[in-house]
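*Asks:* I need the structure of the sequence given here:
(3 chains)
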Amino acid sequence: MNDTSPAVVVGAGPAGICAAKTLVAAGLRPIVIDEGLRAGGQIYRRPFLDDGRSATDLYGSEAAKATRLHREFDALLPSIDYRPQTLVWNIADNQLHLMANGDHQQISFQNLILSTGATDRVLPFPGWTLPGVYTLGAAQTALKAQGCTIGRKVVFLGSGPLLYLVAWQYLKAGASVAAVLDTAPFTAKLNLLSAFRFDPRLVLIGMSYAARLVRRGVKLRYNVRPTGVDGSQHVEGLSFKSGAKTHSIACDAVAYGFALRPETQLADLAGCSFRFDDRDRTWLPVTDETGRTNRKGVYLAGDGSGIAGADAAEISGELAALALIQDSGAVADPGRMSVLAGARRRKAKLRDALEKAFPFPENWFEQVPGETKLCRCEEITVSSVVDTLHGNDLRELNRLKALSRAGMGRCQGRMCSAALAEVLSSTQKLTLTEIGRLRAQAPVKPLPLSLHEGGA
Amino acid sequence: MAAHHSRSQFQRHFRRDEAPIPFTIDGIAYSGRRGDTVLVAIMSVTDRLRQSEFTSEPRAGFCLIGACQDCFVTLACGMRVRACTTPLEAQMAFITRESGNE
Amino acid sequence: MTRRLSADVAVIGGGLVGSSAALALRRAGLSVILIDKGFCGAQASGVNYGGVRRQGRSAAQLPLSQRAHQIWPRLKELIGIDGEYQRSGHLKLARTPEDFAKLEHYAETVKSFGLDLELYTGAMAKARFPWLSGNIAGASLCPDDGQANPRLVSPAFAKAARDAGAIVLEQNAVHAAVRANDGFALQAGADCEITCRFLINSAGAWANKIAADFAEPAPLSRIYPSMVVTEPLAPRLPVSLGEEGGGFYCRQVTRGNYIMGGGRGYALADPDFSRPSTTAAQSVMKRATALFPHLAGAHVIRFWSGTEGQLPDNNPVIGPSGTTPGLFHAFGFCGAGFQVAPAVGAVLCDLVTSGETVTPIDAFSIERFRNMSSQHNEKKGTHNETVE
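*Replies:* Numbers count the residues shown, from 1 in each chain, chains lettered A, B, ... in the order given. The predicted structure is shown next:
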């Protein structure tokens, strides 16, 4: 390696850990920056404190992988510059702007691997802002990291592999699972047959959750459309349609989501080009199969470069690091790179099949009542967005944000941009590609006004 | 802001016997557990974190991983912290009366 | 297939100046085509700070500014929304006695224009504005100045122009504008040919290409403000605030967010897009915490910037072309165009319909740059006046 500034890895989930491990194996000492208190990312998140649960209790079928990755990361500690609880809030001119302990820091990079992961993809429905409604990922995080459930009697709603997994984890932990409501039709699950070809173990495990839930007497329903959360101060029940009939289930919490959406703000600020991805139904940074971007020295890995899951994240983390090593003039094993690239392609095919088994609800906009809040932060309703759109004949997403305020709040559109795009494309009969994407703006997350210069 | 709601939203299943960590909400004493985030500590004793700025609706966080920014709470010293990613510390004093348009 | 359009007036640039001109011209009965390379009100006039301020302007600008002052309260009637316009007052702070002397001198200079400025020494200012903190040597209040939401106002002018019958062409860059027959011929977008009798060049930071096409380039450069907005907070700051010297300006909107700015941003690889510099944003944040200790615990949620046209004498170009009859320019507002823009639109309408205007605009003639070397063009803006 012929430059002096160290390689930087942002994110310490499976992609970031594997990237760091690969860099260290090549003799580098990367800086690893992570928002979390402990490495592992969301999927292999570790509790703040050991609470007596085993790895199997925490990670189920993925316990061996979690344990291995945690061990590997711990072993890397002497060889990396690890910065936990540190937010990268801006990238400009090959500088990372960081916040750690309320202090501002800046580091320059020549080479950067962004493994920023994903968050829950959600769509608004009436009552989704009420206390007791959380994302599926939130429900899982509460249990995994804090040993809590989000309520006593929980409804699981939406689409995606997490739906059945988290419901099962809740049941096992002692919570009551009021129902599992899948927004996709049962027939969508037939697509698991094609997923089976690519990863039989994963598919069988996934299907076993549904079977176990049924065996424990949990009601599973398909083709469900939520019509509202009952309760004015907190969740008291959930109303939904299944077929022509309307049902209501008493519960005190709802966990819901529609799979994941990538966190791409830093790639955007770093100057990466984007393309629309049909499968993820969103804009993704453009990369080659190793994770190289159009920006020299910037590489992407993991779900932040397209949703592919934890196993694929490990592969892409290693690949991005090998590409970085190769581009820096050192020797990277080309055979290894092509094996990894092949494995990555197979994971992509698995994802294609899973996406069909757990589809995004395409008719969401036709069904959502206008008074539903679309933007949680700014409290902008669906009908207010539609009025703004019609009144100004808007055809571009950033203009809709500017005029409607949806997406202008603290979360910078993380929670509502998918819905905002659906509203615009459905209303104006434009494709999601034609309406464009929300441009990222620093800071990617709120910063204290008092953030001041610290050491670098 | 409305009176406090004694109904706890979150249910603890593990770490129940960890050392208690005292904190207050609007002057009322509660205790969390060692290893709690601020969000879990508050939601284990009540059913809300804050009121929304524009409609004063109760809010209780949403994503729990620092993405949705829905769970900022205010400390008596004026500092604001994101409840889901901030570890609970002893004697934290949360206030719910000062924020947004009232 | 070529789209052929014809109108009395073509306006290049759908910012607040071009849109308000288009609206005024429609109301005067002329046919209008308003053309924007992107979206109307999406550049400087839609992303600026939102200060609706006369205080601090040079005497040359004040007649124009006073004309605008009469228009702002009529927004609802003109464009259908009030644009969150409020006469909150504009308070200009002086950090040092020297700065306060400048405020006193300014008040004396502009006395005849009727801004009704109120001067306060440091102690008086803190008594009158108890939320003020930090080192204040004095302040000057213009009670009837105020603020509005540019994000809403500027597109609403374009919408009102369209509703009044103007043809609005967005995402249509003008690649060629030439004198033809009795007027002008333009080529815009992929396939649009436009003919018009009069042409208005209100293309903001992009206006100089058109001026140069008509052999009168101006030394126009670009500036990028650095803007910061906080999360919504309890209402506390009743006025729009500026500082002598221009390092910091701040207002709190009715929804509770503090909008603040100061310093400069920078252009991206595509120079039509810009970002605030972190250094500038952080100095804004630092000044805000010094002035408002109650904000110490608050969070900022977004930075932004925009692209504004700057001219070396800090005055805009407004008025007829020196080379080409029927062509009118209005650009280069140097970061202070928002308040005057509706009056500029009215002036342009006067000029097109009658060849003259009651508002003095001689100081803004493009002819003042006639003998300037063209190497000034596109030079990076260096000075640091208030952008609000």
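*Asks:* so residue A:246 sits in a helix?
*Replies:* No: under DSSP: H, G, I helix; E, B strand; the rest coil, residue A:246 sits outside any helix and is assigned strand.
*Asks:* list the contacts for it?
*Replies:* A:227, A:239, A:240 (C-beta atoms under 8 Å, 6 or more residues apart in numbering or on different chains). For every residue, glycine as well, the C-beta is placed using N, CA and C.
*Asks:* Spell out which parts of chain A neighbour chain C.
*Replies:* A:90, A:92, A:97, A:104, A:106, A:271, A:391-392, A:396, A:398-399, A:402-403, A:408-410, A:412, A:441-443, A:446-453 (C-beta under 8 Å from any C-beta of the partner chain).
*Asks:* Just the buried subset of the residues you listed, please.
*Replies:* Taking 16 or more other C-beta atoms under 10 Å in any protein chain shown as the criterion, what is buried in these is A:90, A:92, A:97, A:104, A:271, A:391-392, A:396, A:398-399, A:402-403, A:408-410, A:412, A:441-443, A:446-451.
*Asks:* Could you list which of these belong to helices?
*Replies:* A:391, A:392, A:398, A:399, A:402, A:403 (DSSP state H).
*Asks:* which two from the residues you listed end up farthest apart in space?
*Replies:* Using C-beta to C-beta, these span at most 17.0 Å, a distance reached by A:391 and A:398.
*Asks:* What segments of chain C are helices?
*Replies:* Applying DSSP H to chain C gives helices spanning C:16-27, C:44-47, C:62-71, C:75-79, C:97-109, C:122-128, C:150-163, C:208-213, C:278-291, C:341-354.
*Asks:* circling back: so which of the buried ones among the residues of chain A next to chain C are in strands?
*Replies:* Secondary structure assignment by DSSP state E places A:90, A:92, A:97, A:104, A:447, A:448 of these in strands.
*Asks:* What is the nearest of those residues to chain B?
*Replies:* Nearest to chain B among these: residue A:448, at 7.7 Å, using C-beta to the nearest C-beta.
*Asks:* ok, what's across the strand from the closest one?
*Replies:* Beta bridges link residue A:448 to residue C:299, judged by DSSP bridges.
*Asks:* and it, what does it touch?
*Replies:* Residues in contact with residue A:448 (C-beta under 8 Å, 6+ apart) are A:102, B:79, B:80, C:297, C:298, C:299, C:300.
*Asks:* I'd like to know how far it sits from residue A:150.
*Replies:* Residue A:448 sits at a distance of 28 Å from residue A:150 (criterion: C-beta to C-beta, to the nearest Å).
*Asks:* Relative to the whole chain's centre, how far out is stretch A:94-110?
*Replies:* Put simply, stretch A:94-110 sits 24 Å off its chain's centre (C-alpha atoms, centre = their mean, to the nearest Å).
*Asks:* tell me the domain ranges of the chain?
*Replies:* I went with chain A, as the question did not name one. Domain ranges of chain A: A:8-119+A:261-354, A:122-258, A:364-428, per automatic domain parsing.
*Asks:* was after chain C, sorry
*Replies:* With domains defined by automatic domain parsing, chain C comprises C:3-50+C:151-219+C:312-373, C:88-145+C:222-310.
*Asks:* What is the neighbour count of the closest residue in space to residue A:199 that isn't next to it in sequence?
*Replies:* Leaving aside its chain neighbours, residue A:199 sits nearest to residue A:350 (5.1 Å; criterion: C-beta to C-beta, 6 or more residues apart in numbering or on different chains). Residues near residue A:350, counting by other C-beta atoms under 10 Å in any protein chain shown, number 22.
*Asks:* Could you confirm residue A:350 falls within a helix?
*Replies:* Yes: per three-state DSSP, residue A:350 lies within a helix segment.
*Asks:* Against residue C:145, how distant is it?
*Replies:* Between residue A:350 and residue C:145 the computed distance is 62 Å (C-beta to C-beta).
*Asks:* what do you get for residue A:32?
*Replies:* Distance, residue A:32 to residue C:145, using C-beta to C-beta: 51 Å.
*Asks:* Equivalent analysis for residue A:153, please.
*Replies:* 57 Å.
*Asks:* So for those two, which sits in the more crowded spot?
*Replies:* Comparing residue A:153 with residue C:145 by other C-beta under 10 Å, the one with more neighbours is residue C:145, at 28 against 19.
*Asks:* Bridge partners for the residue lying closest to that one once chain neighbours are set aside, pull those for me.
*Replies:* Spatial nearest neighbour of residue C:145, excluding adjacent residues (C-beta to C-beta, 6+ apart): residue C:90 at 3.5 Å. Under DSSP bridges, the beta-bridge partners of residue C:90 are residue C:142, residue C:240.
*Asks:* Now do the same contact list for residue C:90.
*Replies:* By C-beta under 8 Å, 6+ apart, the contact list for residue C:90 reads C:51, C:53-55, C:141-142, C:145-147, C:239-242.
*Asks:* if you set the cut-off to 10 Å instead, what comes out?
*Replies:* Contacts for residue C:90 were tallied using C-beta atoms under 10 Å, 6 or more residues apart in numbering or on different chains; they are C:51-56, C:115, C:117, C:140-147, C:239-242, C:249, C:251, C:339, C:388.
*Asks:* try residue A:259
*Replies:* With contact taken as C-beta under 10 Å, 6+ apart, residue A:259 is in contact with A:118, A:120-122, A:136, A:158-163, A:280-281, A:307, A:351, A:354-355, A:358-360.
*Asks:* Residue A:63: neighbour count?
*Replies:* As a burial measure, residue A:63 scores 15 neighbours (other C-beta under 10 Å).
*Asks:* Can you pull the phi/psi pair for the spatially closest residue to residue A:286 that is not a sequence neighbour?
*Replies:* Spatial nearest neighbour of residue A:286, excluding adjacent residues (C-beta to C-beta, 6+ apart): residue A:273 at 4.5 Å. Backbone geometry at residue A:273, expressed as degrees, to the nearest 10, gives phi -80, psi 160.
*Asks:* Kindly report the same for the one 5 residues further on.
*Replies:* In terms of degrees, to the nearest 10, the main-chain angles of residue A:278 are phi -60, psi -40.
*Asks:* my guess is it meets residue A:432, correct?
*Replies:* Yes: if you go by C-beta atoms under 10 Å, residue A:278 and residue A:432 touch, sitting 8.7 Å apart.
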